[in-house]
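> Mind folding the following:
(2 chains)
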There are 2 protein chains.
Amino acid sequence: MPELQRTPERYTTEEYEARLEKIRARMEREGLDLLILSDPSNMAWVAGYGGWSFYVHQCVLVGPDGPPVWYGRGQDANGAYRTVWMEPEYVIGYPDHYVQSTERHPMDYLCAKLAERGWDKGTVGVEMDNYWFSARAYERLQSGLPNAKFKDTTGFINWQRAVKSEKELDYMRQAARIVERMHHRIADKVEVGIRKCDLVAEIYDAGLRYDEWYGHGGDYPAIVPLLPSGPDAAAPHLTWDDLPMKPDEGTFFEIAGCYQRYHVPLSRTIYLGNPPQEILDAEKAVLEGMDAGLEAARAGNLCEDIAKAFFGTLEKYGIEKDNRAGYSIGLSYPPDWGERTMSIRRGDKTVLQPGMTFHFMTGLWMENWGYETTESIAITADGAPEVFCDIPRKMLIKA
Amino acid sequence: MPELQRTPERYTTEEYEARLEKIRARMEREGLDLLILSDPSNMAWVAGYGGWSFYVHQCVLVGPDGPPVWYGRGQDANGAYRTVWMEPEYVIGYPDHYVQSTERHPMDYLCAKLAERGWDKGTVGVEMDNYWFSARAYERLQSGLPNAKFKDTTGFINWQRAVKSEKELDYMRQAARIVERMHHRIADKVEVGIRKCDLVAEIYDAGLRYDEWYGHGGDYPAIVPLLPSGPDAAAPHLTWDDLPMKPDEGTFFEIAGCYQRYHVPLSRTIYLGNPPQEILDAEKAVLEGMDAGLEAARAGNLCEDIAKAFFGTLEKYGIEKDNRAGYSIGLSYPPDWGERTMSIRRGDKTVLQPGMTFHFMTGLWMENWGYETTESIAITADGAPEVFCDIPRKMLIKA
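Numbering: from 1, shown residues only, chains lettered A, B, ... in the order given. Coordinates of the predicted model:
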């Protein structure tokens, strides 16, 4: 191995070891002999790995003892050596002829490596509903590990990530400064006639450039900017085109700042002209509902208490929103900056704990318009939640 | 339904219908009654759908007759109405309490909808090794469609996309202009001391902004810019940090232009200082190998002929590259701008046809340095391939 120029560390080895200990305790309670983690966020949280290589099969293994093991494409082992906290012997690369081959599968090679370690039996946890664990990968594992039983451990690590450490909260505060700059830039630049693609260039510029005051630059958010206008804003996940912005349309800007892969999403709506009364009325209801929801976002309450407070206010104003009003956030890789654990919706009985972080996603997507004013928050030990960003909580009207 | 402000069409209805006819002919030959397409690129190519919603379960169905059917989250149906070529009755949204729920799965709801149509039996093709078709999704389908047999149709549509139409090639030529501007911007801005994150801001700016001459702006590439330096360039998929560029290091820039979701990737390497002889020697071998590979990239030859020509030259110079030297490109969504069909590697016997497009990925990732000079190409009816970009094919040395 050559001398490695390692990337700056996101966590200390002690933090990784403490996580590992908790994971093992939980594995024991659940009767798990091996955990196979396919979610890049979990791979990063457990092993430190980062790199845009999730388009090929890869994973992190947590076996019964020793450090985690990184498994991935041979050429990405170089990226693993540079980012994981384990020694190089805990990095396994598979040969390139396993990549996107119709004859052989990277999971076959993994099975052989597991057998070498004696990790090919007992109960194996796999993330059944993760993007990066395909139906084929599961089939190959089942066939290659005939002595193993499989258990669905989707979300196992994600739930361990739910309560953030002070350091993680600090990363999120950095991300908050970044998304604030992005919204300020939008507010400065948006006007009738500016092309959507040019506005997106401004958003990336503000989200990436180094800031001398804070001493940080930005990373890529797990979702690209979403900024549909007018009737298209009824659709929450359209991206952009290269056409000019029109007068008398509202546009919501759903974006996130990203620092050390920690995300703080924040949405605001800008109307170029005089908004119709319908949207002004909706805003009044949403803002009042957000106040009620934030009031309920206290340690000891349940996720659904926030939802009930918010939806209750909307209903008072005759607005029906049939989707959830938020989700857990933190460390993420594409395609989602949500953690896919708790949701702010009726029926979610998760008890709020200090250090849990949410995108309070209060967007409305109506038949032919949309409106988003959201906040990212952290539950605190006592009283009101920490609201990460300081951007006026209302629609910006540029006539 | 309100009057829809539809996004500009990428293809005509006639193009979609012609594709559908070919797909059905192939389905018949393979004994398939239903195709379930989870790959967003395939969903776009078959139905026109676009939107950053692949982080929840969604698919396009091609049944035995009629237009394709879009299936996805209820709130994304609004995005489907605006982007697909089919009438709104061919769009099915599932309720939001199916999203990231531990109790119910979007595939359960799909099974009920399939039964309503009588599409719940016979042979069902699923994309077993696609990111967006999880092990859990497959399990739910198997349990919900007890009268169906499943067949792996990974790549079924991707292969149909391999030969591009003249219109698709035109989209790629637009993407080529975009990636050229990105590389020109890098060459202008890169210098010792510039922070990586600031350089990435420049790359996005050049890749997105509207160009008056060409009358286009850029879309988001399926992979973020990759620009590791010095020893880190041994790792092909590291992204960036916010540290200043150092003297006497080489950096490769692996980026793509994206227009109408069609990609043209192009990599170049820039050395800040005097490159060591080892890298200069490698470049000589790579460039000579590329000439040989391009010479072999002719209709009637095989994919592996390009690989043999390229690797043969490298070996003459004593360089061993143990990974593939390229892959098919075109319409893509994250996490990969490759089409995951043909590869430029030994053993790939695919016959080259006019209109096939490749990223001739001739990068070298050595133990403690990396070098990438690549081209994107289209196979032509006669003679040499079309090289999409016009950027000097060599390392840029900035002393």
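> low-scoring stretches of chain A, by residue?
Residues of chain A meeting the criterion pLDDT under 70: A:1-8.
> Report the residue ranges of every domain in it.
A:13-160, A:166-397 (automatic domain parsing).
> Residue B:311 is nearest to which of those?
domain A:13-160 (12.2 Å; CB to CB). The C-beta positions use only the backbone N, C-alpha and C, and glycine is treated the same way.
> which bits of the stretch 1-150 of chain A sit near chain B?
Residues of the stretch 1-150 of chain A that fall close to chain B, judged by CB under 8 Å from any CB of the partner chain: A:2-5, A:7-8, A:50-55, A:74-76, A:78-79, A:81-83, A:95-97, A:99-100, A:102, A:105, A:126, A:128-139.
> Contacts only, for the residue minimising distance to the centre of chain A.
Note on chain A: the residue nearest the mean C-alpha position is residue A:337, at 2.1 Å, using CA atoms, centre = their mean. By CB atoms under 8 Å, 6 or more residues apart in numbering or on different chains, the residues touching residue A:337 are A:221-223, A:256, A:258, A:263, A:265, A:329, A:359.
> repeat that for 10 Å
By CB atoms under 10 Å, 6 or more residues apart in numbering or on different chains, the contact set of residue A:337 is A:41, A:175, A:221-223, A:256, A:258, A:261-265, A:327, A:329-331, A:359, A:376, B:55.
> which one of the domains of chain A lies closest to residue B:33?
domain A:13-160 (18.9 Å).
> is chain B contacted by stretch A:365-377?
Yes - using CB under 10 Å from any CB of the partner chain, stretch A:365-377 reaches chain B at A:365-370.
> In ChimeraX, how would I select the buried members of these?
Selecting the buried subset of the residues of stretch A:365-377 next to chain B in ChimeraX, with 16 or more other CB atoms under 10 Å in any protein chain shown as the burial test, is done by:
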select /A:365,366,369,370
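> Chain B: which of the residues of stretch A:365-377 next to chain B is nearest?
Using CB to the nearest CB, residue A:368 comes nearest to chain B of the residues of stretch A:365-377 next to chain B, at 4.1 Å.
> Pretty sure that closest one sits against residue A:233.
Yes - the pair residue A:368 / residue A:233 is scored as a contact, 8.6 Å apart, by CB atoms under 10 Å.
> what is in contact with these two at once?
By CB under 10 Å, 6+ apart, residue A:368 and residue A:233 have these common neighbours: residue B:78.
> ok, back up a step: next, format the domains of chain A as CSV and append distance to residue B:350.
Below are the domains of chain A laid out as CSV (distance: least, CB to CB, whole Å):
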stretch, distance to residue B:350
domain A:13-160, 11
domain A:166-397, 29
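> buried subset of the residues of the stretch 1-150 of chain A next to chain B?
By 16+ other CB under 10 Å, those give A:7, A:50-55, A:74-76, A:78-79, A:81-83, A:96-97, A:99-100, A:105, A:126, A:128-139 as buried.
> So what's the residue count around residue A:233?
26 (other CB atoms under 10 Å in any protein chain shown).
> Verify the stated contact: it with residue B:78.
Yes - between residue A:233 and residue B:78 there is a contact under CB under 10 Å: 9.2 Å.
> Show me the common contact partners of the two, please.
Common neighbours of residue A:233 and residue B:78 (CB under 10 Å, 6+ apart) are A:365-366, A:368, A:370.
> before we move on, back to that, save the residues of stretch A:365-377 next to chain B as JSON lines, and put in distance to residue A:389 and secondary structure too.
Output for the residues of stretch A:365-377 next to chain B, formatted as JSON lines (distance: CB to CB, whole Å; DSSP: H, G, I helix; E, B strand; the rest coil):
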{"residue": "A:365", "distance to residue A:389": "22", "secondary structure": "strand"}
{"residue": "A:366", "distance to residue A:389": "25", "secondary structure": "coil"}
{"residue": "A:367", "distance to residue A:389": "30", "secondary structure": "coil"}
{"residue": "A:368", "distance to residue A:389": "29", "secondary structure": "coil"}
{"residue": "A:369", "distance to residue A:389": "24", "secondary structure": "coil"}
{"residue": "A:370", "distance to residue A:389": "20", "secondary structure": "strand"}
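> then stretch A:149-168 to PDB, C-alphas only?
In PDB, the C-alpha atoms belonging to stretch A:149-168 read as follows (Å, rounded to 0.1, in the frame of the first residue of the first chain):
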ATOM      1  CA  LYS A 149     -31.400 -17.800   7.200                       C
ATOM      2  CA  PHE A 150     -32.300 -14.200   6.100                       C
ATOM      3  CA  LYS A 151     -34.000 -11.500   8.000                       C
ATOM      4  CA  ASP A 152     -35.200  -8.200   6.800                       C
ATOM      5  CA  THR A 153     -33.200  -5.500   8.500                       C
ATOM      6  CA  THR A 154     -34.300  -2.500   6.400                       C
ATOM      7  CA  GLY A 155     -34.000   0.500   8.600                       C
ATOM      8  CA  PHE A 156     -32.000  -1.300  11.300                       C
ATOM      9  CA  ILE A 157     -29.100   1.100  11.100                       C
ATOM     10  CA  ASN A 158     -31.300   4.000  10.000                       C
ATOM     11  CA  TRP A 159     -33.100   3.900  13.300                       C
ATOM     12  CA  GLN A 160     -29.800   3.900  15.100                       C
ATOM     13  CA  ARG A 161     -29.000   7.100  13.300                       C
ATOM     14  CA  ALA A 162     -32.200   8.800  14.400                       C
ATOM     15  CA  VAL A 163     -30.800  10.600  17.400                       C
ATOM     16  CA  LYS A 164     -28.000  12.800  16.400                       C
ATOM     17  CA  SER A 165     -24.800  13.500  18.400                       C
ATOM     18  CA  GLU A 166     -23.700  17.100  19.100                       C
ATOM     19  CA  LYS A 167     -21.200  16.700  16.300                       C
ATOM     20  CA  GLU A 168     -23.800  15.600  13.800                       C
END
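> Mind listing what's buried along it?
A:150-151, A:153-158, A:160-164, A:168.
> if I pick the residue nearest to residue A:159 when sequence neighbours are not counted, what's in contact with it?
Using CB to CB, 6 or more residues apart in numbering or on different chains and skipping residues adjacent in sequence, the residue nearest residue A:159 is residue A:341, 5.3 Å away. Contacts for residue A:341 (CB under 10 Å, 6+ apart) come out as A:155, A:157-162, A:303, A:327-328, A:330, A:348, A:350, A:356, B:100, B:102.
> Which positions in the stretch 251-399 of chain A make contact with chain B?
A:254, A:259-261, A:321-324, A:327, A:333-343, A:345-348, A:363, A:365-370.
> ranges for the helices of the stretch 151-300 of chain A?
Along the stretch 151-300 of chain A, counting by DSSP state H, counting those that start in this stretch, helices occupy A:156-160, A:166-189, A:196-208, A:277-296.
> now the stretch 1-150 of chain A
Using DSSP H, counting those that start in this stretch, the helices found in the stretch 1-150 of chain A span residues A:13-30, A:40-47, A:74-83, A:106-117, A:135-144.
> In CSV, list these along with distance to residue B:65.
Below are the helices of the stretch 1-150 of chain A laid out as CSV (distance: least, CB to CB, whole Å):
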stretch, distance to residue B:65
helix A:13-30, 48
helix A:40-47, 40
helix A:74-83, 44
helix A:106-117, 37
helix A:135-144, 27
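> what's the most buried one of these?
helix A:40-47 (a mean of 26; mean count of other CB atoms under 10 Å in any protein chain shown).
> Residue A:271: what's its closest spatial neighbour, skipping adjacent residues?
residue A:250 (4.4 Å).
> Would you quantify the distance from the one you found to chain B?
13 Å (CB to the nearest CB, to the nearest Å).
> Ends of stretch A:66-84, what's the gap?
Terminal residues of stretch A:66-84 lie 14 Å apart, using CA to CA, to the nearest Å.
> cool, and stretch A:34-46?
First residue to last in stretch A:34-46 (CA to CA) measures 14 Å.
> For the shared contacts of residue A:233 and residue B:78, which two are the farthest from each other?
Once CB to CB is applied, the shared contacts of residue A:233 and residue B:78 give A:365 and A:368 as the farthest pair, at 10.0 Å.
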